[in-house]
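# Provide a 3D model corresponding to the input given below.
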Amino acid sequence: MTDLVLEHVSHSFADGVAVVDDLSLEVPSGHIVCLLGPSGCGKTTTLRLAAGLERLQAGRIRIGDQIVAEPGFSAPPERRGVGLVFQDYALFPHLTAAQNVAFGLQGNAAERRRIALDYLKPVGLTRLADAYPHTLSGGEQQRVALARALAPRPAAMLLDEPFSGLDTRLRDAIRQDTLRLLHDDGAATLMVTHDPEEAMFMADAIAVMRAGRIVQVGTPLEVYHRPVDRFVAEFFSETNAIAGTVGEDRCVATAYGTIGPVELAPGTDVDVLLRPEALEINGVENGATADVLTVRALGATALIDLRGPDSDQHLRARLPADRLPRPGERVGVAMKTGQALVFPRQDNT
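This is a model prediction of the structure:
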């Protein structure tokens, strides 16, 4: 087993601002871990530190049993046994696809070409082995970059927003191919993305970053359904926020349903967060009512904007497209209490 391990890693820019702050993370061999967070949270810097493209200031980075970085020592990227895939692919324009994949491999020219063709085959590019990068589409260039990174059989794979330049349909297909290849290869893979859906699709585990720190690590289902705080919950999707207070029974009563018991003290002011799919629309005789403002079809589902008739409360629901209300209609609204997220209220949110 060759794991990638970052221990208490910190990094500051020249102005003294900490961009990575006491970060610890383990990426097991054969697993894909996604660093997920907003722009500027430190995830790309973390990847560059693991790759050896930035000198480590504090902490330790280990690949398997080998320490590759600590203060005063930094193994160069080519000595770390890592494969790199950047968002711009960084292919050599004067080399063919096969020559790009063969670059840096050991052996004679015939052996290097054989290995290159072996790695171009599973990404469906054998027929384009002798094509130059400028003649390839974005998706083809991405697959060449992936094959090039995998060909030396690295112990760790590092991917920086590798699908950001692809259109939606192509991105879905390339992600599926990449996922299969990475699991077949068995390297410890650390991938950076700002796209929660992409992280959910690709990762065995997601590490959510905020302001240089990891705030939660878990499986995709854990971080989506059991976020540790409001930041994590709202990063994965938009939410409806409903104010409430924890009662003596440790439950939170709202107009749309009662949640609990919760692990908060009675009297605590809270926000109940509901993702759009956690709202149900039914007849007006069932519970609270709201007026339909807009209905926006999105294919299999639709987004419904609602307003409570006696308040300024605006809600958004996501419903199957085969049972939609009409704008101007008054409907009953209820929550799926099992999907409600409850957090102490924050004055600045």
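# so who does residue 245 touch?
Neighbouring residues of residue 245 by CB atoms under 8 Å, 6 or more residues apart in numbering: 252, 267, 268, 269, 270. To be clear about C-beta, it is placed using only N, CA and C from the backbone, and glycine gets the same treatment.
# separation between it and residue 343?
13 Å (CB to CB, to the nearest Å).
# name the residues contacting each of those two.
residue 270.
# farthest pair within the contacts of residue 245?
252 and 267 (11.4 Å; CB to CB).
# from what I see, residue 171 and residue 177 are in contact.
No. Applying CB atoms under 8 Å, one finds residue 171 not in contact with residue 177, separated by 10.9 Å.
# between those two, which one's more packed in?
Set residue 171 next to residue 177 and count neighbours by other CB atoms under 10 Å: residue 171 wins out with 20 against 16.
# that one - that's part of a helix, no?
Yes. Assessed by DSSP: H, G, I helix; E, B strand; the rest coil, residue 171 belongs to a helix.
# mind listing what it touches?
Residues in contact with residue 171 (CB under 8 Å, 6+ apart) are residue 163.
# list the contacts of residue 225.
By CB under 8 Å, 6+ apart, the neighbours of residue 225 are residue 339.
# next, count neighbours for residue 185.
When counting by other CB under 10 Å, one arrives at 18 neighbours for residue 185.
# how about it, nearest residue that isn't a chain neighbour?
Using CB to CB, 6 or more residues apart in numbering and skipping residues adjacent in sequence, the residue nearest residue 185 is residue 150, 5.5 Å away.
# hmm, the one you found is touching residue 156, no?
No. Counting by CB under 8 Å, residue 150 does not reach residue 156; the two are 11.6 Å apart.
# need the residues touching each of these two.
Counting by CB under 8 Å, 6+ apart, the residues touching both residue 150 and residue 156 are 83, 187.
# about what we covered before: compare residue 252 and residue 267 (neighbour count), which wins?
Neighbours were tallied for residue 252 and for residue 267 using other CB under 10 Å; the higher tally belongs to residue 252 (26 against 9).
# so that one makes contact with residue 263?
No. The criterion here is CB under 8 Å, and residue 252 misses it with residue 263 at 11.7 Å.
# what is the burial count for residue 131?
Using other CB under 10 Å, residue 131 has 15 other residues around it.
# show the backbone phi and psi for it.
Main-chain torsions, residue 131, degrees, to the nearest 10: phi -90, psi 150.
# excluding chain neighbours, what is closest to it?
Once flanking residues are discounted, residue 131 sits nearest to residue 97: 5.5 Å by CB to CB, 6+ apart.
# go on, residue 183?
In space, and not counting its chain neighbours, residue 183 is closest to residue 30: 7.0 Å by CB to CB, 6+ apart.
# now do the contacts for the one you found.
By CB under 8 Å, 6+ apart, the neighbours of residue 30 are 183, 186, 187, 188.
# distance of it relative to residue 186?
Distance from residue 30 to residue 186, by CB to CB: 5 Å.
# what residues does stretch 154-165 touch?
Identification of contacts with stretch 154-165 by CB under 8 Å, 6+ apart yields 2, 4, 27, 29, 44, 47, 50-51, 63-64, 80-88, 138, 142, 145-146, 149-150, 171, 174-175, 178, 182, 185, 187-194, 198.
# among the residues you listed, which ones are buried?
By neighbour count, with 16 or more other CB atoms under 10 Å, the contacts of stretch 154-165 hold 2, 4, 27, 29, 44, 47, 50-51, 63-64, 80-87, 142, 145-146, 149-150, 171, 174-175, 178, 182, 185, 187-194, 198 as buried.
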